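# The following block contains a protein sequence and its predicted model.
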Amino acid sequence: MAQRVLILGGCGRIGAAVAADVLAHTPAMVTVTGRSPTISPQERFSPSALNLSDREAVEEAIAVHDLVIHCAGPFSYRDAHVLDTCIQYGVNYLDVADNPGYVKQALSRCDRALEAGITAIVSTGVFPGISNSMVRQGIEQLDSADTVQLNYVVAGSGGAGVTVMRTTFLELQHPIQAKLEGEMQAIAPYSQREVVTFPPPYGRCAVYWFNTIEAMTLADSFPLSTIVTKFGSLPDIYNHLTWLMAHGVPKAWLRKPETVEFLAQVSYWMTTISDRFSGIGLAMQADIHGTRQGQPARLISNMVHPDTAVAAGYGTGSVAQLLLSGQWQQPGVWPIERSLPTDLFEKTMAQRRLTIQHTFIE
């Protein structure tokens, strides 16, 4: 029988991209869920109505699948019920989680997942996800690594839905805990504007401090003294508006759910217009300082894709492909950079024609 994959939140932009990748690279049967799905069933693909607050229905759905992929954000609103159920029924688990609190909950269940024999990988999209594997790939090309700076720029909506907009405003509410010169420090969100040069068609773009899962998990995965994560938008006017939300309005106002929802809806409406001119792609850069052959070295790795949501589908879909094909597994709960070998990462990215360019500066 064909293996069965359940994608929670699979009717959204990211979930749909994950579903498309799984269908393209595996023979699995895919079920996507949403509160009121309007997608028509196709060969090996079926929609299903499912509300995550109906825990009994969620447990029944998970029990009859071989792999669960959790794409139903924002993850700041979620608990670990889905993962706990996967552990209970012995079902492998992936997610696209981008909330530190949620990821910490998930990682705390490593021993239980190991005992159950399931592989659970958190934050498997594009950033976090492919970005984490880019850092591992880069570090392995050096004798040692000391500093990592991850820079991202996304054009317009990035092809993602309103959930990503909600997540952005939720992350502006709290200081960023960053590792700088070996010490954890609090950094104001969306601060310290910096202009970074990305490959064409992006060129010079502004980026700002932004809270990411990578900053948390990379600090535990590698002996790095400094980890910087910065994000920016195109067109640049969106950066100024986001900065204003982070620094120009009372935090109490921004913490109101109705405010977050209003800002997310307005932002999404704005990007539906600007997408026509800016596109929906992204550029990612891992700038790593360390040593190579006994000398100081700097490695810059770049990746560009014309559709951010599709790239996120590649990140999660590639891990699903490896699990479903039996090429790889690692029981427990892990961030991607501690679990996925670089050779398999490179193999699956090549299958998707996603190129990562490396430049040494010595």
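Thanks, I have the structure now. Residues are numbered from 1 along each chain as shown.

# who does residue 33 bridge with?
Beta-bridge pairing of residue 33 under DSSP bridges involves residue 48.

# Please work out the average pLDDT along stretch 263-274.
The pLDDT scores in stretch 263-274 average 88.

# how far out from the middle of the chain is that stretch?
Its chain's C-alpha centre and that of stretch 263-274 lie 21 Å apart, by CA atoms, centre = their mean, to the nearest Å.

# cool, stretch 138-146 as well?
On CA atoms, centre = their mean, the centre of stretch 138-146 falls 23 Å from that of its chain.

# Convert that stretch to CSV, retaining C-alpha atoms only.
Extracted in CSV, the C-alpha atoms of stretch 138-146 (Å, rounded to 0.1, in the frame of the first residue of the first chain):
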residue,chain,number,x,y,z
GLY,A,138,29.3,25.9,5.2
ILE,A,139,30.7,25.0,8.5
GLU,A,140,31.8,21.6,7.2
GLN,A,141,33.9,23.3,4.5
LEU,A,142,35.9,25.1,7.2
ASP,A,143,38.3,23.8,9.8
SER,A,144,36.4,25.7,12.4
ALA,A,145,33.7,28.4,12.5
ASP,A,146,33.2,31.2,15.0
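
# Identify each buried residue in that stretch, please.
Using 16 or more other CB atoms under 10 Å as the burial criterion, the residues of stretch 138-146 that qualify are 138, 139, 141, 142, 145, 146. Just so you know, the C-beta spots here come from the backbone N, C-alpha and C atoms, and that holds for glycine as well.

# Just the closest of those to residue 276, please.
Distance to residue 276, by CB to CB, is smallest for residue 138 among the buried residues of stretch 138-146, at 34.9 Å.

# Excluding residues flanking it in the chain, which one is nearest that closest one?
residue 288 (4.6 Å; CB to CB, 6 or more residues apart in numbering).

# Angles on the backbone of the one you found, please.
The phi/psi pair for residue 288 (degrees, to the nearest 10) reads phi -120, psi 130.

# Could you give the bridge partners of it?
Here residue 288, judged by DSSP bridges, has bridge partners residue 148, residue 299.

# How about residue 194?
Under the criterion used (DSSP bridges), residue 194 bridges to residue 207.

# That one touches residue 206, doesn't it?
Yes - Residue 194 lies in contact with residue 206 (CB atoms under 8 Å); the separation is 7.0 Å.

# tell me the secondary structure for residue 2?
Secondary structure, DSSP: H, G, I helix; E, B strand; the rest coil: residue 2 is coil.

# How about the one 3 residues further on?
Under three-state DSSP, residue 5 falls in the strand class.

# Could you tell me which residues make contact with the closest residue to residue 236 other than its chain neighbours?
Counting by CB to CB, 6+ apart, residue 236 lies nearest to residue 206, which is 5.9 Å off, once chain neighbours are set aside. By CB atoms under 8 Å, 6 or more residues apart in numbering, residue 206 lies in contact with 193, 194, 195, 196, 232, 236, 239.

# residues contacting the residue nearest the centre of the chain?
When CA atoms, centre = their mean is applied to the chain, the residue found nearest the centroid is residue 128 (3.2 Å). Contact analysis of residue 128 by CB under 8 Å, 6+ apart lists 97, 98, 212, 213, 214, 217, 335, 336.

# ok, residues contacting whichever helix or strand residue 349 is part of?
Under the criterion of DSSP states H and E, residue 349 resides in helix 342-351. By CB under 8 Å, 6+ apart, the surrounding residues in contact with helix 342-351 are 25, 130, 133, 136-137, 140, 314, 318, 321-322, 327-328, 355-356.

# pLDDT on that helix, on average?
98.

# relative to helix 342-351, how tilted is the helix or strand following that helix?
Proceeding N to C from helix 342-351, the next assigned helix or strand is strand 356-361, under DSSP H and E. With axes from the mean of the first three to the mean of the last three CA atoms, to 10 degrees defining the directions, strand 356-361 sits at 120 degrees from helix 342-351.

# Would you pull up how far strand 356-361 lies from the middle of the chain?
For strand 356-361, the distance to the chain centre is 22 Å (CA atoms, centre = their mean).
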